[in-house]
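Visitor: Structure for this input, please:
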Amino acid sequence: MNHLSWHKGLRGRLLLPLVGILSLTFICTTFILIREQNDLITQQARAEADRLANSMLSSLKTMMTAGDALYVHDWLKRIRSHPEMERVGILRRDGQEAFQDLRSVNRVNAYLGDNRFVREALPLSAQDDLLPVASVQQAAPVSR
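Guide: Reported below is the predicted structural model:
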């Protein structure tokens, strides 16, 4: 009896390449799906961060337009104390933290033509809470 081994027969010659092609296709498809899921998760996290930032900005604008600038520093302390917040700061367009010196207050008073806001300068916060100036300029370029 002439027995051909399984790898020498037609079935063996077709089976090995077919298994190889299917395995490669499965690996490629899995890689693409994982990458797309990571992109989707990243987009969702960014959208959530944008919503949170817009909510915080609305609160800040409300305090400022109501003339509650004195409470901004306390509000910022509470926000910074939240365990999920990595870095929070109110920055000027040049990347320096606002409301630490009297420059912002003096400019607002000059704009209003009245000394409506009077207060002491606050100590500078830890610089590791702030983003580097280059990051601020990249995220929100100043239009001139």
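Visitor: which intervals of this structure have sub-threshold pLDDT?
Guide: Within the chain, the segments meeting pLDDT under 70 span 1-8, 10, 68-70, 99, 121-144.
Visitor: Give the buried residues for stretch 73-82.
Guide: Leu76 (16 or more other Cβ atoms under 10 Å). For glycine as for every other residue, the C-beta is placed from the backbone atoms N, C-alpha and C.
Visitor: How far off centre is it?
Guide: Distance of stretch 73-82 from its chain centroid, counting by Cα atoms, centre = their mean, to the nearest Å, is 18 Å.
Visitor: so how far is the helix or strand encompassing Asn54 off the chain centroid?
Guide: Secondary structure assigned from DSSP states H and E places Asn54 in helix 10-65. Relative to the mean C-alpha coordinate of its chain, helix 10-65 is positioned 17 Å out (Cα atoms, centre = their mean).
Visitor: Which strands or helices does it pack on?
Guide: helix 69-81 (3 or more Cβ pairs under 8 Å, 6 or more residues apart in numbering; DSSP states H and E).
Visitor: Now do the helix it packs on against helix 10-65, angle only.
Guide: For helix 69-81 against helix 10-65, the angle by axes from the mean of the first three to the mean of the last three Cα atoms, to 10 degrees is 150 degrees.
Visitor: Would you map out the domains in the chain?
Guide: Annotated domains of the chain cover 8-58, 67-144 [automatic domain parsing].
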